[in-house]
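In: model the structure of this input:
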Amino acid sequence: MLMFNGEARMVGSERGSGGAVGAADEDAFVVPEEWRERVHVRPGGIDGPPVEIDTRAAAVIRRRLTKVRDDLDGVLDHSSSNKEMAEAARAHLGGEPDPLGAAVVAAVIWSMSGWDEEKCEGFTDAWAAQHGLLFAAVATAELSRVLVLHRKKKPTFDGWVKVLEDDSSASGFDDIEGAARRTRELLAAAGEAEYQEVVAALADHRLTQYQRVVVSYLVPTREDWGDELVATPLTARYARRSPLLVGALSSGEQLALLRERQSEAWLQIPAVVHTVAEGVGPALVPTLVALLDEDRVPHPGHLNAVYGVLAAMPGDEAFGALAARLGRPGVHGAVLEAKQRFPVRALRLLAGAATGASRRARMAGRLLREHLRAHPALVEDVVPTLSDNARKTIGAAMRAREWVAEATPDALPAVLVDPPWGSGGEAGAVPAAGDEIDVHLLPQVLVRGGRQALPVPAVRHLVGMLAMADPGAAGPAGQASAGIDVVKELCEPASLDEFVWALFRQARQEPAWALAALERLGGDETARELTHLIRTWPRRGHYRKAVTGVEVLAAIGSDVALMHLSGIAQRTRHSSVRKTAWDHLDRLARERGLTAEQFAERLVPGFGLEPNGSLVLDYGRRRFTAGFDEQLRPYVTDEDGKRRKNLPRPGVRDDQVLGPLAHRRFAGLKKDVRVVAADQIRRMERAMVTQHRWSLAEFRAAFADHPLLWHLARRVVWTGEHGDIRRDFRLAEDRTLADVEDETLALPDSATVGIVHPVHLDAVGEWAEVFADYEILQPFAQLERPVHALSDDERNGTELERFHDLTVATGKVLGLEKRGWRRSAPQDGGVQPWISREIPGNRCVVVGLNPGIVVRAPYERPEQAVTHVRISACSDDGRLLPSGAEPRFADIDPVTLSELLTDLIDLTAPTA
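Out: Have a look, this model is predicted:
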């Protein structure tokens, strides 16, 4: 253990990496073992990988020098070269070791070879091998002062050397960071006496700002030099931008001073972030939290490094910052790491974060339950010391754990007890893909019947199977795939669904094997959660992952999964994701012998509702019944018939198993119905406007007998047609067909059924009275829908002059796109001078606009004058075509015409 800024600091090797610790250890900063390969090691810090001077480097440098000696001499003899530097280089080449001369020679050779960091690192080892570590350190410091300039167009290297001054605008010297890091590694491995000699020698080599940065980086134990560095305004560009600057820091005070005048570019390099964390320790936390609060770390890769550092830091501020961001990408894994390192703190702070009904609180609650399961001893030792509120939250979490006894090995199939690939035999061992998963943090996998769960060793084998399975392969991969089939027969599907989603979220970077696991074991809950990720992945640049997610949804294949697949196909903006969804829907429709429209109608699940469209929610001593309003918004009624918008949470007197199950059931129902409600209402309204018709059998299956869509179907007026006979009706409470007089009517099996448009509804007023009497609200405007017609002159014409020369807001024109109108292709100057709507028969109604809509800035011209409203022929893709016999408005059917006029009247109506 090391003392670090007055605090105890342990390196990972002293007590393991990130394991659980006791309460007494939770204020110690333990540098994670995995940082060892990344951190720029420092004297007195953690040990990096073993360091040995490369004794072959000197020979490599000599051979390189021989090849370029003529060009090098030309640089030193150049009239513009700095005389002191040139003389030092000649002396060094002549056999008089000189650190400045060595730096000049290295800089010139390095410049000739394209500023390759690895080649520069070779100079560091050559200097140390030939002249000692002190020489190498001073030469590295001098390298920061050397500027090599040259004319690129010359056939030979025509260059010269100068001093890199603080006000220089030249470029290239950030690349010496590799040489400086190598020198620091050698210094960290040196003995104390040799190290102190180097420190003393470097005191005379702090002439420029950049050189002071490099020297402080090489010997960060001189904290006074670091204090001086951050207290002085940094004007040199290289001094301000170099990651070496933050690598020199040793205290939070230095970092705070530096942050006032330096950008956070160092956050873009994870190794530098870990170096600063190792050097500054817990004092780094306030700075990282402030950067997160200010959204100064926008890139997901950089955020993950910051989250990882916070997960390693002791103290409530670091853990609290992560808990406050639960739900954001990358945070969940960091919280898992933090609660393993600091179990007592995690118990206390997760209890605080789990209060409330937000998504973040729910996630914290789940983590708290997992934590209690993984650390049962904390309940007895720590919970009594916490606040009343924390104890209440923990008590609720413990009651919700629903812990199930584990099955004994003799009750399990062999593949879950002693799989062939784990015995060391011919099949070999499980690959390391799933090794990162902590099975203690996963929900229990219940055996069918729910009375037993898989024991932890069996869950480990299951994770291994999922990580290596390949259905078409021989050997372990094929055996693992067969083993998964055994598990699916053995275990509760809902439990496997919950398990595999938790597994996927715990797997770092959401690897391909974890996505494949969702396909093998996922169910409805996985489909819901995966859909959310599919919609967010493209915004984070993960297009391929989103496409794979769509394929997983299609493979899950449940009603809920296909419902979400349909939603992605209709509403996702990203073309590749949308196309993949449509391709799967088309394939599934063809396999069933259906059209895409017919298949879409069958993608609305019943959600486990009773045939009458209700759902009983049993709390044991209380019961509630779920219903739906005109927008398919769920509500509940209690046993007295009192209506509630939300289902109350189970109380202490309710059944502790049935109550939580029913509450989760209603929450899932609300989430699922929200996905389909708006789409189904739009689909029914579109069917009314397009005068779509179903067979009587299709109408029964899709609407009248559907437990969910029945709630919409009973709220509109339908029409049944058989030959020339048409009968209008509604669905009564007993699902019989009732006419406007409330008389039951019957339709022949050959009848077609559709949602009647008010244009064709003679008794609109009478139907409105019926719906008012029964207090039936409609999901969209039908009985109150405006109906419009043309005058005789307008019907026989090709233009609607009543709309000409009216001024309309550009925003209202753009709003027509939501009603099926389409802007024209850009014309001269990138202006769209009309908007059109396709109508049946390859025709379009076109609205001319002046001055037109600017494509790149649609609202640049806030108003448009309507120059004409004209009917025209158009192609299948909506392009306007010259026509011989011009179409007339009389050619448009009354429903389409009424809808068009509604759009145009709304467009030209004065804005209030």
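In: so residue 349 touches residue 322, yeah?
Out: No. When contacts are counted by C-beta atoms under 8 Å, residue 349 is not listed as touching residue 322 (9.1 Å). (Glycine included, C-beta is placed from N, CA and C.)
In: and the strand or helix carrying residue 73, what does it pack onto?
Out: Element membership for residue 73 (DSSP states H and E) is helix 57-77. In this structure, helix 57-77 makes packing contacts with helix 83-93, helix 99-112, helix 117-131, strand 158-163, judged by 3 or more C-beta pairs under 8 Å, 6 or more residues apart in numbering; DSSP states H and E.
In: not counting the following helix or strand past the third one itself, show me its contacts.
Out: What it means is helix 117-131. Beyond helix 117-131 in the direction of the C-terminus, DSSP H and E gives the next helix or strand as helix 133-143. Contacts of helix 133-143 with the rest of the structure, by C-beta atoms under 8 Å, 6 or more residues apart in numbering, involve 97, 99-100, 102-104, 106-107, 123-124, 127-128, 176, 179-180, 183, 186-187, 190, 194, 197-198, 201-202, 205-206, 211, 214-215, 218.
In: repeat the analysis, applying 6 Å as the threshold.
Out: The contact list for helix 133-143 (C-beta atoms under 6 Å, 6 or more residues apart in numbering) reads 99-100, 102-103, 124, 127-128, 176, 179-180, 183, 186, 190, 197-198, 201-202, 205, 211, 214-215, 218.
In: show the average pLDDT along the longest helix along the chain.
Out: Of all the elements of type helix in the chain, the one with the most residues (DSSP state H) is helix 658-690. Taken as a whole, helix 658-690 carries a mean pLDDT of 88.
In: same check, this time on stretch 186-201
Out: For stretch 186-201, mean pLDDT is 93.
In: ditto for stretch 844-859
Out: 93.
In: show me where pLDDT drops low in the stretch 301-450 of the chain?
Out: Per-residue confidence for the stretch 301-450 of the chain (pLDDT under 70) gives these ranges: 301, 357, 399-403, 422-436, 440-441.
In: my read: residue 466 touches residue 517, true?
Out: Yes. With contact defined as C-beta atoms under 6 Å, residue 466 and residue 517 form a contacting pair (4.1 Å).
In: show me what contacts residue 57?
Out: With contacts defined as C-beta under 6 Å, 6+ apart, residue 57 is in contact with 122, 125, 126.
In: just give me the closest of these to residue 621.
Out: Distance from residue 621 was checked for each of these by C-beta to C-beta. The minimum falls on residue 125, at 78.6 Å.
In: next one: the closest one from residue 59, what distance?
Out: Noted for residue 125: a distance of 11 Å to residue 59, by C-beta to C-beta, to the nearest Å.
In: which of residue 349 and residue 322 has more residues huddled nearby?
Out: For residue 349 and residue 322, the more surrounded residue by other C-beta atoms under 10 Å is residue 322, and the numbers stand at 26 against 23.
In: from residue 350, how far off is the more buried one?
Out: 10 Å.
In: one more: residue 363?
Out: When distance is defined by C-beta to C-beta, residue 363 is 10 Å away from residue 350.
In: ok, now residue 206?
Out: The span separating residue 206 from residue 350 equals 48 Å under the rule C-beta to C-beta.
In: ok, these two, which is more surrounded?
Out: residue 350 (29 against 18).
In: which SSE is that one in?
Out: For residue 350, the enclosing helix or strand under DSSP H and E is helix 343-353.
In: got the contact list for whichever helix or strand comes after the longest helix of the chain?
Out: Counting by DSSP H and E, the next helix or strand C-terminal to helix 658-690 is strand 694-695. The set of residues that contact strand 694-695 without belonging to it, under C-beta under 6 Å, 6+ apart, is residue 753.
In: distance of residue 35 relative to residue 321?
Out: Counting by C-beta to C-beta - residue 35 and residue 321 are separated by 19 Å.
In: now tabulate the contacts of residue 57 in CSV and tack on pLDDT, neighbour count and distance to residue 896.
Out: Compiled in CSV, the contacts of residue 57 are given as follows (pLDDT from 0 to 100; neighbours: other C-beta atoms under 10 Å; distance: C-beta to C-beta, whole Å):
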residue, pLDDT, neighbour count, distance to residue 896
122, 83, 23, 78
125, 92, 23, 82
126, 92, 24, 84
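In: okay if I get those as TSV plus distance to residue 373?
Out: Below are the contacts of residue 57 laid out as TSV (distance: C-beta to C-beta, whole Å):
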residue	distance to residue 373
122	54
125	52
126	57
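In: just the helices in the stretch 551-700 of the chain please.
Out: Taking DSSP state H, counting those that start in this stretch as the test, the helices found in the stretch 551-700 of the chain are 559-571, 575-591, 596-601, 658-690, 696-699.
In: which one of these lies closest to residue 409?
Out: Each of these was checked against residue 409 via C-beta to C-beta, and the shortest separation belongs to helix 658-690, namely 29.5 Å.
In: got the angle between the closest one and helix 559-571?
Out: 40 degrees (axes from the mean of the first three to the mean of the last three C-alpha atoms, to 10 degrees).
In: could you say what helices and strands helix 658-690 packs with?
Out: Contacts of helix 658-690 with other secondary structure elements, assessed using 3 or more C-beta pairs under 6 Å, 6 or more residues apart in numbering; DSSP states H and E, are made with strand 615-618, strand 634-637.
In: JSON lines please, covering those strands and showing mean neighbour count.
Out: Supplementary listing: the helices and strands packed on helix 658-690 in JSON lines, determined by neighbours: other C-beta atoms under 10 Å:
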{"stretch": "strand 615-618", "mean neighbour count": "17"}
{"stretch": "strand 634-637", "mean neighbour count": "18"}
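In: out of the helices and strands in the protein, which is least certain?
Out: None of the helices or strands of the chain scores lower by mean pLDDT, DSSP states H and E than helix 12-15, at a mean of 34.
In: which residues does the residue nearest to residue 615 when sequence neighbours are not counted bridge with?
Out: Closest residue to residue 615 in three dimensions, ignoring its sequence neighbours and counting by C-beta to C-beta, 6 or more residues apart in numbering: residue 626, at 4.1 Å. When bridges are assigned using DSSP bridges, the partners listed for residue 626 are residue 615, residue 636.
In: quick one: contacts for residue 626?
Out: Taking C-beta under 6 Å, 6+ apart as the definition of contact, the neighbours of residue 626 are 615, 634, 636.
In: so residue 46 touches residue 32, yeah?
Out: No. If you go by C-beta under 6 Å, residue 46 and residue 32 don't touch, sitting 9.6 Å apart.
In: got the end-to-end distance for stretch 377-392?
Out: Across its full length, stretch 377-392 reaches 18 Å between end residues, using C-alpha to C-alpha, to the nearest Å.
In: correction: stretch 505-513
Out: Note: stretch 505-513 ends 12 Å apart using C-alpha to C-alpha.
In: domains for the chain, by residue range?
Out: As recorded under automatic domain parsing, the domains making up the chain are 57-262, 265-401, 403-522, 523-603, 624-785, 792-908.
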